[in-house]
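A.B. asks: Fold the following, please.
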Amino acid sequence: MNLPRHLSLLLLAGALAYAPYARARDLWNDPFNTEKDLPHYSEGLHTPDCPAPPMEGERISVMRAVAIALCRNPDSKTTLEGLFAQAAGVGGTKGQYLPTISADTGWSKSTSFADHFKSVSIGRSSGISVGYTLYDFGRREASVSGAEFALEAAGLNYRSSLQQLIANTMQAYYALLGSTESVAAARESEAYAKEAKNAAELRYSIGQVPVSDQLQARAAHSQAQLALEQAQNQLSISKAALARLMDLPPDAPLGIENIDDGELYAKQLDIDIQQAMAKAKENRPDLEAQRKSLESSRQNYRGVRAGAWPTLSVSSGLSSPEFNPLNRGNTGRSQSVGLSLSIPIFTGFTQTYSERAAAYQVEAAQAQLEATEQNVLQDVWQTYQNYQTARASWLTSLDTLASTLQLKDVALGRYREGLGSILDLLNAQSQYSNSLQQNAAAKYNLLTTRIAFIRAIGALDLESASAAPTPSPTAPPPAPPAAVPATTLTPIPVTEPKP
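C.D. replies: Got it, this is the predicted structure:
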């Protein structure tokens, strides 16, 4: 079948254009290999294999919860896709160093009318052109360098987001453990309040106490029941929060493992605050990302300034009004080779304002870097103080719990024997209930602040996270521990930060 010349040329040009595209798509999806360094940013923050979500009745460890979150969390996936998009942008800027090739073809028909006369002319044209920029006073170099710095910043921000995800997951896990223990404490308080109510009703029935004792005991029992319902509601909320981080529905079956209290004493962070702040300056990925963003802004300013200088280009073309590559006898072809120098003289002050905008962006990036550094130091200082306070609170809660446990047993026994008042009994009950809740909150606040402090100094990864007190499948259910001397933990020396 014979095809028109312009149509055959169009098909050939399409084939020539599609062939390298298809090959690049199949073999070289990333011709400049811009994604080769991306796995480096998640080093130490991803497990080799993604564990399956928990089944009903299955208990998972904190590190398994972290691994599931790292693999499934949608926010983490969004940040990762943005990192790949930034890498593609780097490849786009590197393409400026390659020549551009384009093919065009056209067909036109014109009709002229005169007195008793009409003429029709058909025109066909086809051509191929090649262009290449020889020199542009560093504009391309600045563009590529700026894109590469922006990619590094995006990679470091991705690493920072993974560290934050690990911290959020572990803190949500500990919050769920705390809520679980709070329910157990509330249930024990309700049982004790019920015993106190039964004792008051018994003494009232035999005429030993007035009706006010019975009514106060009943009110205390009702309050204990309400506290139990509130604790159970918070447990459901905490479970849904952890499920959200793991990309699971709020009602997903989540079983978690208990933590052996003894591990809380074995894992300590003996680091000076000055060392912690110095380490944060070196290790915090978000701070390093801001430094890379500053360099990217500087390279962008350099590229904008280069836009005021001339551009030297070379071009070549081949065209024909009746061009058909299959017909070598065609003599209507024309060839051209040219060298062009483009000199911007007046751009309507666009260049002026572009340079001013780029310069201000550099200054803004510098100010943002300084603000980020101050925020990092503030974060380290605050999390350090929170961790110190949490350790002291944990030890205090142990002493308080041991004392109130003895107090409530004595108060209940005395009231049953007719030696104590209802006020003494209810006061002991209230103190014991509060100490149970405070002990649970202090224990998991210690774990939470520890993780927050490690993240603040930029040292949080899977290895450091696993060094934290981990759940033990054989650990017994939480029980009121005995008092521990305050000298069990060695205090960390606190020094004022250097200016």
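A.B. asks: Residue 335 and residue 320 touch, don't they?
C.D. replies: No: using Cβ atoms under 8 Å, residue 335 is not in contact with residue 320; the gap is 9.7 Å. To be clear about C-beta, it is placed using only N, CA and C from the backbone, and glycine gets the same treatment.
A.B. asks: how about the helices in this protein?
C.D. replies: For the chain, the helices defined by DSSP state H occupy 5-26, 38-41, 62-72, 74-94, 139-205, 211-245, 263-266, 273-283, 285-306, 350-416, 422-456, 462-466.
A.B. asks: Out of the ones you listed, the one nearest residue 102 is which?
C.D. replies: Of all those, the one in closest proximity to residue 102, counting by Cβ to Cβ, is helix 5-26 (9.1 Å).
A.B. asks: Please go through the chain and pick out the longest strand.
C.D. replies: The longest strand of the chain (DSSP state E) is strand 117-135.
A.B. asks: okay, the angle between that one and helix 139-205?
C.D. replies: If you take axes from the mean of the first three to the mean of the last three Cα atoms, to 10 degrees, strand 117-135 sits at 80 degrees to helix 139-205.
A.B. asks: How far off centre is strand 117-135?
C.D. replies: Relative to its chain's centre, strand 117-135 lies at 53 Å (Cα atoms, centre = their mean, to the nearest Å).
A.B. asks: Repeat that for stretch 170-183.
C.D. replies: When distances are taken as Cα atoms, centre = their mean, stretch 170-183 is centred 22 Å away from the chain's centroid.
A.B. asks: do the same with stretch 287-307
C.D. replies: Distance, stretch centre to chain centre, for stretch 287-307: 24 Å (Cα atoms, centre = their mean).
A.B. asks: which residues sit against that stretch?
C.D. replies: 136-139, 142-143, 145-147, 149-150, 152-157, 160, 280-281, 344, 351, 354-355, 357-359, 361-362, 364-366, 368-369, 372-373, 376, 458 (Cβ atoms under 8 Å, 6 or more residues apart in numbering).
A.B. asks: how about that stretch: buried residues?
C.D. replies: Using 16 or more other Cβ atoms under 10 Å as the test for burial, stretch 287-307 gives 287-307.
A.B. asks: how near is residue 150 to residue 87?
C.D. replies: Separation of residue 150 from residue 87 (Cβ to Cβ, to the nearest Å): 10 Å.
A.B. asks: same deal with residue 49?
C.D. replies: Distance from residue 49 to residue 87, by Cβ to Cβ: 25 Å.
A.B. asks: More neighbours: which of those two?
C.D. replies: Set residue 49 next to residue 87 and count neighbours by other Cβ atoms under 10 Å: residue 87 wins out with 22 against 8.
A.B. asks: For that one, which non-adjacent residue is spatially closest?
C.D. replies: Closest residue to residue 87 apart from its sequence neighbours, by Cβ to Cβ, 6 or more residues apart in numbering: residue 34 at 4.3 Å.
A.B. asks: what's the answer for residue 217, then?
C.D. replies: Nearest to residue 217 is residue 200, by Cβ to Cβ, 6+ apart, at 3.6 Å.
A.B. asks: burial measure for that neighbour, as a count.
C.D. replies: Neighbour count for residue 200, taken as other Cβ under 10 Å: 27.
A.B. asks: surely it meets residue 210?
C.D. replies: No: using Cβ under 8 Å, residue 200 is not in contact with residue 210, being 10.1 Å away.
A.B. asks: where do the contact lists of residue 335 and residue 320 overlap?
C.D. replies: Between them, residue 335 and residue 320 share no contacting residue under Cβ under 8 Å, 6+ apart.
A.B. asks: Between these two, tell me which one has more neighbours.
C.D. replies: residue 320 (20 against 9).
A.B. asks: With adjacent residues omitted, what lies nearest to that one?
C.D. replies: Per Cβ to Cβ, 6+ apart, closest to residue 320 is residue 333, 4.2 Å.
A.B. asks: which residue is nearest the centroid of the protein?
C.D. replies: residue 161 (2.6 Å; Cα atoms, centre = their mean).
A.B. asks: Compute the number of surrounding residues for the closest residue to that residue other than its chain neighbours.
C.D. replies: Nearest non-adjacent residue to residue 161, counting by Cβ to Cβ, 6+ apart: residue 79, 4.8 Å away. Residue 79 has 18 neighbours, counted by other Cβ under 10 Å.
A.B. asks: show me the residues around residue 79 that make contact.
C.D. replies: Residue 79 makes contact with 157-158, 161, according to Cβ under 8 Å, 6+ apart.
A.B. asks: can those go into CSV with extra columns for pLDDT?
C.D. replies: Converted to CSV, the contacts of residue 79 look like this (pLDDT from 0 to 100):
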residue, pLDDT
157, 94
158, 94
161, 94
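A.B. asks: Nearest to residue 75 among these?
C.D. replies: residue 161 (7.4 Å).
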